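Enquirer: need a 3D model of the sequence below.
(one chain, ligands or ions: 2)
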Amino acid sequence: MVKICCIGAGYVGGPTMAMIALKCPDIEVVVVDIAVARINAWNSDRLPIFEPGLDEVVKACRGRNLFFSADVEKHVAAADIVFVSVNTPTKTRGLGAGKAADLTYWESAARMIADVSKSDKIVVEKSTVPVKTAEAIEKILTHNNKGINFQILSNPEFLAEGTAIEDLAKPDRVLIGGRETPEGRKAVEALKAVYAHWVPEENIITMNLWSAEISKLAANAILAQRISSINAMSALCEATGADVAEVAYAVGKDSRIGPKFLNASVGFGGSCFQKDILNLVYICECNGLTEVANYWKQVVQINDYQKSRFVKRVVSSMFNTVSGKKIAVLGFAFKKDTGDTRETAAIDVCHGLLGDNAKISVYDPQVTADQIMRDLAMNKFDWDHPQHLQPMSPTATKQVDVVWDAYEATKGAHGVCILTEWDEFKKLDYKRIYDGMQKPAFIFDGRNVINVDELRKIGFVVYSVGKPLDPWVKDLPAAPPS
Ligand SMILES: NC(=O)c1ccc[n+]([C@@H]2O[C@H](COP(=O)([O-])OP(=O)(O)OC[C@H]3O[C@@H](n4cnc5c(N)ncnc54)[C@H](O)[C@@H]3O)[C@@H](O)[C@H]2O)c1
Ligand SMILES: O=c1ccn([C@@H]2O[C@H](COP(=O)(O)OP(=O)(O)O[C@H]3O[C@H](CO)[C@@H](O)[C@H](O)[C@H]3O)[C@@H](O)[C@H]2O)c(=O)[nH]1
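Expert: Residues are numbered from 1 along each chain as shown. Ligands and ions are numbered 1, 2, ... in the order given. Next up is the predicted model:
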């Protein structure tokens, strides 16, 4: 029986390995992590992450050929294939801080693999890493050569949170990069055989290691670029009376462009897009490609601009101040169908509103109050100097409360900000919400989930990203000449 061990039981390691176990009953899969609480949660009825369909997949194979364990070394030593799916966040200090990927967790995993291995292994990069990481890992794995053969493969993951199970069950493609040597090709074939249990062969793409590593960064950069492109258009639509949803529809009808990923929003969030683009920017800079680096940097800058534009709309519409006013925030996760808040636009929007002394009441169906308070207590983004983070005022989170439903959050509020596109926000009784609010009642839809005309009929002053402006919604002051 082939034995797989995956280091890192997070948003990628957990669901990805559960899918392999489900589709490959002849393979034993063990997911290991140094975070004992996370492993305990994977072994319980309350999984550590919320992902539609995940519970069913885990229940179908946990204890059969899927195991979760904190005994990292034992299972790594026993495995034929070791996936490394540890976090690779942006460095916060030292060389490349604020841009480069922090490979501390990766390096310590690689050193541990080298130390405990007694048999040949295929080591698979599942984490998103800078190009040429495989070369560095090879050096670590072979540094005290015990005669063990390690083959490094790049097998980046393309799942999106909220649709992870669908994405894993029917991936657009599986990408495997390996060394172009007989041993490298053999390792690629071995990994291909795992995916071939359920992925059609034509969807399993193989290529050289560096192409595979860059393809992951390129895919995320190009996806995020589409969002920044439509968000940039949303600003122009608001200034001219066009409707960004109509523009996106017209543009997306061109089969060369396609309709997906053209939803204007308050800004993209999530643990990947910003981190991976900044990593790409850093790699370009290190290779002397200043123009290329600046091009990609702009995708992140437009995203910051979009978040700050949203906050300015709220404040300027509400008579230029939200000081002491209650603002209901509906949705805190970075997208619907996940409880993940990493880099969510909601953090920056709340910080912006708290900066103007608002009182915030948050409701999200999947994010805990503890998580929201932790996120808001962290350093805040500085709109005027986007490269800086500023310490939050210690009293700021006293202005925030987290409640259990949208009606409670909006009761007595002056304004409502919709920051996540949860389906339930489309079905709310907005007449009831309006009746319970201060007047004039403002609603700022950062996700284009509400019916603008219906809400205006109820009496709301409505702002919806990229839509023709309500006469009440104040135009933003023109940028001062630089
Ligand atoms: N989240 C996504 O949707 C997604 C999708 C595709 C790719 N990725 C990439 O996959 C990687 C993992 O992302 P994630 O969201 O699953 O991260 P995560 O933080 O949810 O999980 C990483 C896990 O690795 C564990 N870990 C760290 N060092 C370890 C070590 N030395 N030994 C054992 N366990 C260790 C951590 O405790 C943590 O539980 C990142 O590189 C990310 O960019 C993420
Ligand atoms: O038209 C759109 C599409 C998305 N978003 C936002 O963009 C962010 C990211 O969304 P999405 O890409 O769906 O989720 P992620 O889980 O971040 O997945 C991205 O990042 C992963 C990690 O690298 C990759 O594996 C996926 O392929 C890639 O889609 C979220 O805030 C969305 O609300 C928009 O604003 N408009």
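Enquirer: correct me if wrong: Val129 contacts Pro89.
Expert: No - using Cβ atoms under 8 Å, Val129 is not in contact with Pro89; the gap is 11.9 Å. From N, CA and C alone the C-beta is placed, and that goes for glycine too.
Enquirer: who touches both of these two?
Expert: Listed contacts common to Val129 and Pro89 are Ala101; contacts here mean Cβ atoms under 8 Å, 6 or more residues apart in numbering.
Enquirer: more crowded one of these two?
Expert: The neighbour count for Val129 versus Pro89, taken as other Cβ atoms under 10 Å, is higher for Val129 (23 against 14).
Enquirer: separation between that one and ligand 2?
Expert: According to Cβ to the nearest ligand atom, to the nearest Å, Val129 stands 11 Å off from ligand 2.
Enquirer: quick check, the residue in the protein closest to ligand 1?
Expert: Per Cβ to the nearest ligand atom, Gly10 is where the chain lies closest to ligand 1, at 1.9 Å.
Enquirer: what about that residue, how many residues nearby?
Expert: For Gly10, using other Cβ under 10 Å, the count is 20.
Enquirer: can you check Ala293 too?
Expert: So Ala293, with other Cβ under 10 Å, has 19 neighbours.
Enquirer: contacts only, for it.
Expert: Residues in contact with Ala293, defined by Cβ under 8 Å, 6+ apart, are Val281, Tyr282, Cys284, Glu285.
Enquirer: out of those, which is nearest to Ile327?
Expert: Val281 (33.5 Å; Cβ to Cβ).
Enquirer: was I right about that closest one contacting Trp296?
Expert: Yes - checked against Cβ under 8 Å, the pair Val281 and Trp296 is within contact range at 5.2 Å.
Enquirer: quick check: buried residues in the lengthiest helix in the chain?
Expert: Ordering each helix of the chain by length in residues (DSSP state H) puts helix 209-240 first. Of the residues in helix 209-240, 209, 212-217, 219-221, 223-235, 237-238 count as buried by neighbour count, 16 or more other Cβ atoms under 10 Å.
Enquirer: out of these, which touch ligand 2?
Expert: Near ligand 2, judged by Cβ under 6 Å from any ligand atom, the entries from these are Asn220, Leu223, Ile227.
Enquirer: what's around Phe68, how many residues?
Expert: 27.
Enquirer: list the contacts of it.
Expert: By Cβ under 8 Å, 6+ apart, the contact set of Phe68 is Ala9, Val30, Val31, Val32, Asp33, Ile39, Trp42, Asn43, Arg62.
Enquirer: repeat that for 10 Å
Expert: Residues in contact with Phe68, defined by Cβ atoms under 10 Å, 6 or more residues apart in numbering, are 6, 9, 13-14, 17-18, 29-33, 38-44, 47-48, 58, 62.
Enquirer: buried members of these into PyMOL, please.
Expert: Buried residues among these (16+ other Cβ under 10 Å), as a PyMOL selection:
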select buried, resi 6+9+13+14+17+18+29+30+31+32+33+38+39+41+42+47+48+58+62
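Enquirer: which ones are touching the residue lying closest to Asn87 once chain neighbours are set aside?
Expert: Nearest non-adjacent residue to Asn87, counting by Cβ to Cβ, 6 or more residues apart in numbering: Tyr105, 5.7 Å away. By Cβ under 10 Å, 6+ apart, the contact list for Tyr105 reads Ile7, Gly8, Ile34, Val84, Val86, Asn87, Thr88, Pro89, Ser127.
Enquirer: how about Ile257?
Expert: Contacts of Ile257 by Cβ under 10 Å, 6+ apart are Arg226, Ala248, Ala250, Val251.
Enquirer: same thing but 8 Å
Expert: The contact partners of Ile257, by Cβ under 8 Å, 6+ apart, come to Val251.
Enquirer: mind checking how far it is from Glu213?
Expert: Distance, Ile257 to Glu213, using Cβ to Cβ, to the nearest Å: 27 Å.
Enquirer: can you check Ile230 too?
Expert: Computed as Cβ to Cβ, the Ile230 to Glu213 distance reads 28 Å.
Enquirer: give me the three-state assignment for the residue nearest the centre of the chain.
Expert: The centroid of the chain falls nearest to Gly270 when counting by Cα atoms, centre = their mean (2.3 Å). Following DSSP: H, G, I helix; E, B strand; the rest coil, Gly270 is assigned to coil.
Enquirer: where along the stretch 251-400 of the chain do the helices fall?
Expert: 273-286, 290-317, 345-355, 369-377 (DSSP state H, counting those that start in this stretch).
Enquirer: and of these, who's closest to ligand 2?
Expert: Comparing these against ligand 2 with Cβ to the nearest ligand atom, the closest turns out to be helix 273-286 (5.8 Å).
Enquirer: which elements pack onto the closest one?
Expert: helix 209-240, helix 290-317 (3 or more Cβ pairs under 8 Å, 6 or more residues apart in numbering; DSSP states H and E).
Enquirer: got the angle for the last one vs helix 209-240?
Expert: Orientation of helix 290-317 against helix 209-240 (axes from the mean of the first three to the mean of the last three Cα atoms, to 10 degrees) gives an angle of 40 degrees.
Enquirer: what separates helix 290-317 from the chain centre, distance-wise?
Expert: 17 Å (Cα atoms, centre = their mean, to the nearest Å).
Enquirer: which positions in it come out as buried?
Expert: 293, 296-300, 302-315, 317.
Enquirer: avg pLDDT for it?
Expert: Across helix 290-317, pLDDT averages out at 96.
Enquirer: next, the angle from that helix to helix 345-355.
Expert: 50 degrees.
Enquirer: tell me the angle helix 290-317 makes with helix 273-286.
Expert: Using the same axes, to 10 degrees: helix 290-317 against helix 273-286 is 150 degrees.
Enquirer: do helix 290-317 and ligand 2 meet?
Expert: No - shown here: helix 290-317 not in contact with ligand 2 (Cβ under 6 Å from any ligand atom), separated by at least 8.9 Å.
Enquirer: stretch 72-88 too?
Expert: No - using Cβ under 6 Å from any ligand atom, stretch 72-88 never reaches ligand 2; the gap is at least 10.2 Å.
Enquirer: which of the helices or strands spans Val30?
Expert: For Val30, the host element (DSSP states H and E) is strand 27-32.
Enquirer: residue ranges of the strands in the stretch 1-150 of the chain, please?
Expert: 2-7, 27-32, 66-69, 81-84, 121-125, 150-154 (DSSP state E, counting those that start in this stretch).
Enquirer: let's have the ones you listed in TSV, adding distance to ligand 1 and mean pLDDT.
Expert: Listed next are the strands of the stretch 1-150 of the chain as TSV, based on distance: least, Cβ to the nearest ligand atom, whole Å; pLDDT from 0 to 100:
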stretch	distance to ligand 1	mean pLDDT
strand 2-7	5	97
strand 27-32	6	98
strand 66-69	11	98
strand 81-84	8	98
strand 121-125	9	98
strand 150-154	12	97
